[in-house]
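# Return a 3D structure for these sequence lines:
(3 chains)
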Amino acid sequence: MAENGIGARSLRKEDARFLRGSGNYVDDINRPGQAYATFVRSPHAHARIEKIDTSRAAEASGVVGVFTGDDLAADGVGGLICGWMVTDRNGENMKAPPHPALAQGKVNYVGDHVAIVIANTLAEARDAAELVEVDYGVLPANVDTDKADADGTPQIHDDIPGNMSYDWELGDAAAVDEAIESAAHVTTLEIVNNRLIPNAIEPRSAIGEYDPASDAFTLYTTSQNPHVARLVLSAFCAIAPEHKLRVVAPDVGGGFGSKIFIYAEETVCTWASKKVGCPVKWTADRSESFVSDAHGRDHVTKAELALDSDGKFTALRVSTKASMGAYLSTFASCVPTYLYGTLLAGQYTTPAIYCNVKALFTNTAPVDAYRGAGRPEATYLLERLVEVAARETGTDPAELRKKNFIPPDAFPYTTPVVLAYDSGSYEAVLDKACDIADYRGFAERREEANTRGKLRGIGFSSYIEACGIAPSAAVGSLGAGVGLWEGAQVRFNPTGSVTVFTGSHAHGQGHETTFAQVVADKLGVDFENVEVVHGDTDKGPFGMGTYGSRSIAVGGSAIISACDKLIEKGKKIAAHALEASESDIEYDGGTFSVAGTDRSMSMGEIAFAAYVPHNYPEGLEPGFEESAFYDPVNFTFPAGTQICEVEVDPDTGEVEIIKFSAVDDVGTVINPMIVEGQVHGGVTQGIGQALLENGVYDGDTGQLVSGSYNDYTMPRADDVPTYDVEMYETPCPHNPLGVKGCGEVGAIAAPPAVINAITDALSTEDIDMPATPERVWQALAQA
Amino acid sequence: MYDFTYHRASDVADAVSKVRDTGEGQFLAGGHTLIPTLKLRLAKPSDLVDLQGIANLQGISASDDGVTVKAMTTHATVAESKDVQDTIPALASLASGIGDPHVRARGTIGGSIANNDPAADYPAAVVGLGATVKTDQRDIAGDDFFTGMFETALSDGELITEVSFPKANKAAYYKFKNPASRFAIVGVFVAQTGGGVRVTVTGAAPCVFRVSEMEEALASSFSSDAIKDIKIPEDGLNSDIHAQADYRAHLVNVCARRAVDAC
Amino acid sequence: MPTVSLTVNGKVVSAEVENRTLLVQLLREKLGLTGTHVGCDTSQCGACVVHINGDAVKSCTTLALQVEGTDVTTIEGLATNGELHPMQEAFRDNHALQCGFCTPGMVMAAIDLVNKNPNPDEQTVRRELEGNLCRCTGYHNIVKAIIAGGQAMGG
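Numbering: from 1, shown residues only, chains lettered A, B, ... in the order given. Prediction:
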């Protein structure tokens, strides 16, 4: 292994600027002459807009512009879109309501956008925003996911009866019904997957800027995928043609999915910059983030797992209601379908699976992908079912899992819910996790805890996820509006350093380091001499961005493809210079040599020859720079087992996580330090979902009750333990690095591990996430 | 924030007159409740009169009878004070658990009790120890100071200058934190003093209150067993997404027992 | 407009501010010190933590005019002659940052934490980080870094 090559715990390049306070986040950027925007937002969950009077605001001190939905419509600005068409069980397209960037006639959730006020200072903009007079005709609110399709529930959108976007299914219903009918045992669960609010610590921000000289716009935005933002703003919102719109996503302070989407604010700020003739800057305060960032999860599910008399799973039936919020966000429709139903086989050989999902509108913030996106919901219900089944049948939960695991020799393995798993070592991973968790010693620890009046429990989660999103043709056939390849450009500079342009985007993942390790390893150059550039549509090739744990598996593979092209070209140059046949040139770690001789050239010499082509192969282009686009042939399938051990204080209901052990198979590990860090962060968000976090809307008023850090419980340092994280590497067989992705592992795996541990401690299954002290106390009281 | 005019007061008289001379002026102590409130545009004072430069509102003095904490003394200063730790360790401990370290570095005892947040910690100690709140005009008995949610006996423009806490034979404070805000869902202060036992509860209701049944039980037997069966009624207790009234009622008993055990 | 004068990172500065200008706005918008971040509006996340006269405080909950005459240190003022402060080094060595947004406040809080609790143990570090939120790291490596940074600062 090279010092900073694949497998090295290289320290991060990006830390130097972050640690000095020299990061360049959107809100750190100030453009000459900029004005500041604030949005007038709906205080109501559901209301008709009877009248908007902006005249007093427009005359207020410092105001340069006040605009409403009518102004956008007059300029032909299109609404926000959902880029994935789901076809329902009757073959009909999902129902996607209009989603104007500024409301037109109606508001559908608290925080919905009514007007933009732009002024010379932020304080002036906010002062003036209070002068915008809006007459609302308040309508009854519908915020309960489980009741959203019930008779009598207020209907949000015209022409969408029952608030239902789609009623989707996957799997063989008849086979499942039959298997459940004849099962030796059926485990049934009704569970809620709680609504989460992403809460990247950097609030969203945007600066729109119009340059009349070039008739072009620049948008600085907190985006995980600037190219996609440009595409959508051009093609659908009609802000500007793509070649007249540059989107820059500089340092971005965490995303977790919430910064994938194209929001009203950046759309309107970009458009408005031309209207008012100066750059327009907007930065959310946290209160705005709570109400206006896309939320995650929010499922209500009934599920049944059938077992035969040997404890083999014979069928799984799942019925889910998934809230979409008030509108369909950018990728909302694929989350509870293709990222959820397809994962319901888990690591198991369950032969028959049927899943029905009703996607419902409620008067709440739109719901879209949040770290894990669909896969945590699938894992939570499946792993809780398995644990309950083990308890109900008197089987050890580890043994029940092993009995049903897909064995290592069964790959590739096609599940009844369409995915073709490529690789996995489920039993070995589980065994390793049991060792780390000292599962055998648990009974003794539980007894010891009992002597102190504490209840101990242990819970498993053996999860799988589909990452490396995604093969374009496959997702296209399922309704995706885009291809999900990735682009890369590798530029070998004449003096031997390398600049890598990637379509992936880093907002904490450390691409500048990981990708540099990959390139250093592949091209035999110093890690220090590799610079990774991303986040600017004017720099480098088109890219699809970062989400779904895809960066290394798809973006990294694209970089490898570009490097391979350089090496192929290098062989031609070396063959010419070394006066050998191209077929005799061998490449290894930065050196081109003639097979069987001591004649060789370094990569640097080759690059120099390419830029100074005095003695050069005839017909070969000069220069040493290659682009590549990589479209994966399959998803990748990270999997693992995480085990949580908790102690419950029966007096208060408080849960303490005593030990959290994770063994994750994310394929080849490029930088273990970074991968472990991704797992720590994901697990913490998973623990947050299990114990702390809950997006709560008031059932009567539709107000977001958990709309600040005073009420939405973010995991803090004293809520979580030090983790035991280890890897088990089963390389992915279908991408050049053998990588699977690691960003979502923890958020997917942790919630059922934690809840299974709590239900084990309490000896009751009757508890939903988040398992707050009050809920645990109530569950104990009722058990 | 709405705009306001900022003033810096040189002494107590200057502060009081500056607030009186303005339309809707307010004192600014540590600002850790007031400034967030202003940022959310939930208050619109015309003027803020900053008290931090007033030297004789700072500091702690101790005697055999107890400690006196000047109004602008920060929570961190109280928590770290050797005098407080030696004289009334429960008070130092309570102060060490208010907010987070950065809040404790700025937040003050005067600001906290003048605000009387239902979930604040200090009110439990002020009542629990039978403290006296001294203002620029008078002495107010701790028992009379907190009159309702965010309401106190202070009149407009009246400024707290110090709080005197009598020493207790034994005292302890146990807080069950709101997991999000880290304010008290329930906090119970138990003190055994020459004047008897006091059990005060913050967080559970709109305003700090005493639990006389527990006080009587502890007066005859100062042990957690003595109060373990005393249930306080749910009526009038707060309910929110973190804790309904029945849970808070239950937690009052748990926190009281733990406070007694910690005495 | 009133003027405020203070020392920031060792330099005497003064600026015109509104009465309602917060310290964090003074730092970011008037003095160009954008390393100090704003992550919430309820004084909880700690992304804005700076030192005033040596104490870690939330610059989003302090008016600019309140810091007249004080000595303020921000993340930009920690490195000396280009060399990172031992706590900054420890954060890098322990991968205690991912997106970097909470990092300035976290480092400023960590230095104050160690100054007040020399050689802290894990429990102390976790408890004293109550005022700083991180959404990326799960705190695991931050806790390690602060313990290591504390040792490097000389206990």
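
# Leaving out sequence neighbours, find the closest residue to the residue of the stretch 1-150 of chain B at minimum distance from chain C.
Here the residue of the stretch 1-150 of chain B nearest chain C is B:Asp100; by CB to the nearest CB that distance is 2.9 Å. Heads up, the C-betas are built off the backbone N, CA and C, glycines and all. Distances taken as CB to CB, 6 or more residues apart in numbering or on different chains put C:Gly131 closest to B:Asp100, at 2.9 Å, once the chain neighbours are dropped.

# Can you classify the one you found as helix, strand or coil?
When classified by DSSP: H, G, I helix; E, B strand; the rest coil, C:Gly131 comes out as coil.

# Run through the residues that contact it.
Going by CB atoms under 8 Å, 6 or more residues apart in numbering or on different chains, C:Gly131 touches B:Gly99, B:Asp100, B:Pro101, B:His102, B:Val103, C:Gln44, C:Gly46, C:Val49, C:Lys58, C:Ala109.

# if we go to 10 Å?
Listed by CB atoms under 10 Å, 6 or more residues apart in numbering or on different chains, the contact partners of C:Gly131 are A:716-717, B:99-105, B:182, C:43-46, C:49, C:56-58, C:105, C:109, C:113.

# Same question for B:Leu34.
B:Leu34 makes contact with B:Gln26, B:Phe27, B:Leu28, B:Ala43, B:Pro45, B:Leu48, B:Gly111, B:Ala114, B:Asn115, C:Thr61 under the criterion CB under 10 Å, 6+ apart.

# same deal with A:Ala322?
Counting by CB under 10 Å, 6+ apart, A:Ala322 has contacts A:145, A:148, A:165-166, A:168, A:193, A:297-301, A:332-333, A:335-337, A:340, A:357-360, A:367, A:374, A:377.

# Return the set of residues that bridge with it.
Beta-bridge partners for A:Ala322, by DSSP bridges, are A:His299, A:Ala359.

# if we can go back for a sec, please determine how far the residue of the stretch 1-150 of chain B closest to chain C is located from A:Pro336.
37 Å (CB to CB, to the nearest Å).

# ok so B:Gly187 is a strand residue?
Yes: assessed by three-state DSSP, B:Gly187 belongs to a strand.

# What is the neighbour count of it?
Using other CB atoms under 10 Å in any protein chain shown, B:Gly187 has 31 neighbouring residues.

# quick revisit: I'd like the distance between the residue nearest to B:Asp100 and C:Cys48.
Distance from C:Gly131 to C:Cys48, by CB to CB: 10 Å.

# can you check A:Gly5 too?
39 Å.

# re the thing from before, return the subset of the contacts of A:Ala322 lying in helices.
Members of the contacts of A:Ala322 lying in helices (criterion: DSSP state H): A:Glu377.

# Out of the contacts of A:Ala322, which end up buried?
Among the contacts of A:Ala322, those classed as buried by 16 or more other CB atoms under 10 Å in any protein chain shown are A:145, A:148, A:165-166, A:168, A:193, A:297-301, A:332-333, A:335-337, A:340, A:357-360, A:367, A:374, A:377.

# quick one, phi/psi of A:Gly91?
The phi and psi torsions at A:Gly91 (degrees, to the nearest 10) take the values phi 80, psi 10.

# Just the pLDDT for it.
The per-residue pLDDT reported for A:Gly91 equals 94.

# do A:Ala470 as well
For A:Ala470, the predicted pLDDT is 89.

# What of A:Met1?
49.

# quick one, domains of the chain?
Just so you know, I chose chain A. Chain A breaks down into these domains under automatic domain parsing: A:31-139+A:202-253+A:259-292, A:299-470+A:634-782, A:485-630.

# I was thinking of chain B, sorry if that wasn't clear
With automatic domain parsing as the reference, chain B has domains B:5-50, B:58-166, B:170-262.

# Tabulate those domains (a markdown table), appending distance to A:Glu288.
As requested, the domains of chain B are arranged in a markdown table below (distance: least, CB to CB, whole Å):
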| stretch | distance to A:Glu288 |
| --- | --- |
| domain B:5-50 | 11 |
| domain B:58-166 | 23 |
| domain B:170-262 | 18 |
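
# among those, which is nearest A:Tyr439?
Closest to A:Tyr439 of the domains of chain B, according to CB to CB: domain B:170-262, at 29.0 Å.

# What mean pLDDT does that closest one get?
When pLDDT is averaged over domain B:170-262, the result is 97.

# what about it, start to end distance?
For domain B:170-262, the first-to-last residue distance is 9 Å (CA to CA, to the nearest Å).

# how far out from the middle of the chain is it?
Distance of domain B:170-262 from its chain centroid, counting by CA atoms, centre = their mean, to the nearest Å, is 15 Å.

# A:Lys659 versus A:Gly459, what's the distance?
With CB to CB as the criterion, A:Gly459 and A:Lys659 are 11 Å apart.

# same deal with C:Val17?
51 Å.

# For chain C, just list every one of the strands.
Taking DSSP state E as the test, the strands found in chain C are C:3-8, C:11-16, C:49-52, C:55-58, C:71-73.

# and what of the stretch 1-150 of chain B?
Applying DSSP state E, counting those that start in this stretch to the stretch 1-150 of chain B gives strands spanning B:5-8, B:25-28, B:47-50, B:60-62, B:66-70, B:132-135, B:139-141, B:146-148.

# who's in contact with the first one?
Looking back up the chat, that one is strand B:5-8. B:14-15, B:18-19, B:21-22, B:25, B:28, B:45-54, C:2, C:4, C:17-21, C:63-66, C:68.

# go with 8 Å
Against strand B:5-8 from outside (CB under 8 Å, 6+ apart): B:18, B:22, B:28, B:46-50, B:52-53, C:2, C:19, C:63, C:65, C:68.

# Tell me where chain B has helices.
Secondary structure of chain B (DSSP H): helices at B:12-21, B:34-39, B:75-80, B:82-87, B:89-96, B:101-106, B:109-115, B:122-128, B:142-145, B:212-220, B:245-262.

# Identify, out of those helices, the most deeply packed stretch.
Across these, averaging neighbours per residue (mean count of other CB atoms under 10 Å in any protein chain shown) puts helix B:122-128 on top, at a mean of 30.

# list the helices and strands that helix packs on?
With contacts defined as 3 or more CB pairs under 8 Å, 6 or more residues apart in numbering or on different chains; DSSP states H and E, helix B:122-128 has these neighbours: helix B:89-96, helix B:109-115, helix B:142-145, strand B:146-148, strand B:160-166, strand B:170-177, strand B:184-193, strand B:196-202.

# Can you tell me the strand partners of the fourth one and which way each runs?
Think strand B:146-148. strand B:151-152 (antiparallel).

# so who does the residue in chain C that chain A sits nearest to touch?
In chain C, the residue that lies nearest chain A is C:Gly35 (1.8 Å; CB to the nearest CB). By CB under 8 Å, 6+ apart, the contact set of C:Gly35 is A:Arg20, A:Gly21, A:Ser22, A:Gly23, C:Thr74, C:Ile75, C:Glu76, C:Pro104.

# Now for the residues you listed: which two are most distant?
Going by CB to CB, the pair spanning the contacts of C:Gly35 furthest: A:Gly23 and C:Thr74, at 13.3 Å.

# now, among the contacts of C:Gly35, which is nearest to A:Ile118?
Within these, the smallest distance to A:Ile118 is 26.6 Å, found for A:Gly23 (CB to CB).

# which one is the residue nearest the centre of chain C nearest to, not counting chain neighbours?
Residue closest to the average C-alpha location in chain C (CA atoms, centre = their mean): C:Met108, at 3.0 Å. In this structure, C:Met108 finds its nearest non-sequential neighbour in C:Val49, 4.5 Å apart by CB to CB, 6+ apart.

# Hmm, C:Leu113 and that neighbour touching each other?
No: here C:Val49 does not reach C:Leu113: they are 10.5 Å apart, not a contact under CB atoms under 8 Å.
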